[in-house]
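Peer 1: no FASTA, just this:
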């Protein structure tokens, strides 16, 4: 089972694809890829959204994930920021929706709790733990680490049969 | 010159394509098409976003507008609503951006001021005035009327050389 995970933002969207491998009953998790969609400060908002949709679609076509986990709605400074974050998030959701992926949402605190054991963990701790848990050969960049952590949080949730959130994609 | 105008929302996005025809120096405006992208209450958010992008893309491919005018950021009840509205708005902006359209933004009050002469005009007045100004044979539905009004407001702004807003698509 493969999961695409997304930490959305207009200028830098982190993504990861994690695979669960079950051998002798116990699951292990492997990062097949991770990276960022980076948009230049010179690119207009619509250009950023187009790039996010296209590059996330490329990742989906290459790695064939079956589900998508995305960062939940967080408090932002202003309605304008919320509208912009919503658009960036929507661009990733369009890519996932076009490929028929189910979408699940995890609040940042829940992700940190799942991966670091503490909802208020800082970025370095998240990067350290995702590296350790996925046996990566290098420490991921912060936005990559956040995406990896969201994917791990999703696997931990489904593998422990804890109720899922799919508020990212409500009816 | 043709302009695509958009009144975005997840469940019902109004759109219009208006053409300016200049004969003997004075411009007249004609609605080439208008309608709504209507999403069932049973459709997931990602499905709605996919439908908005696809159907707005279809309109662009059919009518070849050169610019896009979209409703500006308005006050909404909550961050969650702002995130959802931002996603719906982003889906239309992706369609416009993929086709190379420049995107301009108009606040609802400015649109009503331009079309009805009063920033606090109600929906019926907007529908009545768009019908009259565009010589439509029937009264448009509210979401169609809002989209038509946004397109007219954009033409009035560019044809009177008033400064344009393109905050919908900032660098």
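Peer 2: On my side now, so go ahead. In this text, all values refer to a predicted model and were calculated from it rather than measured experimentally.
Peer 1: who's in contact with the nearest residue to residue A:93 once chain neighbours are set aside?
Peer 2: The shortest distance from residue A:93 to any non-neighbouring residue, by Cβ to Cβ, 6 or more residues apart in numbering or on different chains, is to residue B:46 (4.5 Å). Heads up, the C-betas are built off the backbone N, CA and C, glycines and all. Taking Cβ atoms under 8 Å, 6 or more residues apart in numbering or on different chains as the contact definition, residue B:46 lies against A:93-94, A:96-97, A:103, A:169.
Peer 1: Quick one: distance of stretch A:57-76 to the chain centre.
Peer 2: With Cα atoms, centre = their mean, to the nearest Å as the basis, stretch A:57-76 stands 5 Å off its chain's centre.
Peer 1: With stretch A:68-84 instead?
Peer 2: Centre-to-centre, stretch A:68-84 and its host chain are 14 Å apart (Cα atoms, centre = their mean).
Peer 1: who touches stretch A:145-163?
Peer 2: By Cβ under 8 Å, 6+ apart, the residues outside stretch A:145-163 that reach it are A:3-7, A:14-18, A:20, A:27, A:29, A:31, A:34, A:67, A:69-71, A:104, A:106, A:110-112, A:114-115, A:123, A:126-127, A:129-131, A:133-134, A:139-140, A:164-165.
Peer 1: Residues of chain A that sit close to chain B?
Peer 2: Selection of chain A residues close to chain B by Cβ under 8 Å from any Cβ of the partner chain yields A:41-47, A:49-50, A:53, A:73, A:75-76, A:79-80, A:82-91, A:93-94, A:96-98, A:103, A:168-171.
Peer 1: can I assume residue A:152 sits in a strand?
Peer 2: No - assessed with DSSP: H, G, I helix; E, B strand; the rest coil, residue A:152 is helix; it does not lie in a strand.
Peer 1: ok, how many other residues are close to it?
Peer 2: Neighbour count of residue A:152, defined by other Cβ atoms under 10 Å in any protein chain shown: 24.
Peer 1: about what we covered before: which ones among the contacts of stretch A:145-163 map onto strands?
Peer 2: A:3-7, A:14-18, A:20, A:27, A:29, A:31, A:34, A:67, A:69-71, A:104, A:106 (DSSP state E).
Peer 1: Could you check what's spatially nearest to the closest residue to chain B within chain A, not counting adjacent residues?
Peer 2: Residue of chain A nearest chain B, by Cβ to the nearest Cβ: residue A:86 (2.4 Å). Spatially, and ignoring its direct neighbours in sequence, residue A:86 is nearest to residue B:86 (2.4 Å; Cβ to Cβ, 6+ apart).
Peer 1: quick one, what contacts that neighbour?
Peer 2: Contacts of residue B:86 (Cβ under 8 Å, 6+ apart): A:82-87, A:89-90.
Peer 1: between those, which has the most around it?
Peer 2: residue A:90 (34 neighbours).
Peer 1: Quick check: pLDDT value at that one.
Peer 2: On pLDDT, residue A:90 comes in at 97.
Peer 1: tell me which element it falls in.
Peer 2: Using DSSP states H and E, residue A:90 sits in helix A:79-98.
Peer 1: now that helix against helix B:79-98, angle please.
Peer 2: Put simply, helix A:79-98 runs at 70 degrees to helix B:79-98, going by axes from the mean of the first three to the mean of the last three Cα atoms, to 10 degrees.
Peer 1: Show me how far helix A:79-98 is from its chain's centre.
Peer 2: Mean-position distance between helix A:79-98 and its chain equals 13 Å (Cα atoms, centre = their mean).
Peer 1: Please apply the same query to stretch A:147-157.
Peer 2: 8 Å.
Peer 1: circling back to that earlier point, kindly reformat the contacts of residue B:46 as TSV containing pLDDT and neighbour count.
Peer 2: Putting these into TSV (pLDDT from 0 to 100; neighbours: other Cβ atoms under 10 Å in any protein chain shown) gives the following:
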residue	pLDDT	neighbour count
A:93	97	31
A:94	98	28
A:96	98	27
A:97	97	24
A:103	95	22
A:169	66	22
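Peer 1: and which of these is nearest residue B:59?
Peer 2: For the contacts of residue B:46, the closest approach to residue B:59 (Cβ to Cβ) belongs to residue A:94, at 16.9 Å.
Peer 1: excluding its backbone neighbours, what's nearest the closest one?
Peer 2: Leaving out its chain neighbours, the residue that sits closest to residue A:94 by Cβ to Cβ, 6+ apart is residue B:49, at 4.9 Å.
Peer 1: pLDDT score assigned to the nearest residue in space to residue A:5 that is not next to it in sequence?
Peer 2: In this structure, residue A:5 finds its nearest non-sequential neighbour in residue A:151, 3.3 Å apart by Cβ to Cβ, 6+ apart. If you check residue A:151, the pLDDT there is 97.
Peer 1: can you check the one 4 residues further on too?
Peer 2: Model confidence at residue A:155, expressed as pLDDT, equals 95.
Peer 1: before we move on, what about residue A:76?
Peer 2: You'll see residue A:76 listed with a pLDDT of 73.
Peer 1: which residues touch it?
Peer 2: A:82, A:85, B:79.
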